[in-house]
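Colleague: Give me the fold of what follows.
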Amino acid sequence: MAGGALWVGRTVEHAYIYELAAADLRRFRIGVPIFMGSHDRGGGKQGWFFKGFQCAPDGPPATSALSWTERFGAFNERHLVLKAKHEPCQARRRILEGVWELLA
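Modeller: Sure, this is the predicted structure:
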């Protein structure tokens with residue numbers, strides 16, 4: 001999540017970028033896809049290549065709940081936990097839902 005956008009991708013060679021429509025400490029709302037170039041040609045930003053969309057050109061919009069866990073794995077680190085509340089796009093849900101490690 002950066003600059004009002006949510007970057008989604010398993011690899012830097014093919015990722016998606018969505019409008020982060022709203023966010024607070026308990027949930028965020030994903031909006032429509034942002035296109036770098038056109039739907040079929042894509043474009044790059046900061047070493048990532050964004051092309052197309054996961055389910056539909058209009059998103060569709062979704063809402064996920066945010067929570068935190070302090071102990072996960074071998075270290076006592078803080079992790080972000082995402083749980084879909086309204087997610088009509090199963091491809092995006094499979095990538096986003098779960099435990100995320102904070103990089104910074």
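
Colleague: Now do the strand of greatest length in the chain: everything it contacts.
Modeller: In the chain, assigned by DSSP state E, the strand with the most residues is strand 14-23. Outside of strand 14-23, the residues within contact range by CB atoms under 8 Å, 6 or more residues apart in numbering are 1, 4-9, 28-34, 36, 45, 48-54, 59, 61, 92. The C-beta positions use only the backbone N, C-alpha and C, and glycine is treated the same way.

Colleague: Sort out which of those are buried, if you could.
Modeller: 5-9, 28-31, 33-34, 48, 50-51, 53-54, 59, 61, 92 (16 or more other CB atoms under 10 Å).

Colleague: Let's see which of those residues end up in helices.
Modeller: Judged by DSSP state H, these include Arg92 as members of helices.

Colleague: What about the buried ones among the contacts of strand 14-23, which are in strands?
Modeller: Those of the buried ones among the contacts of strand 14-23 lying in strands (DSSP E): 5-9, 28-31, 33, 48, 50.
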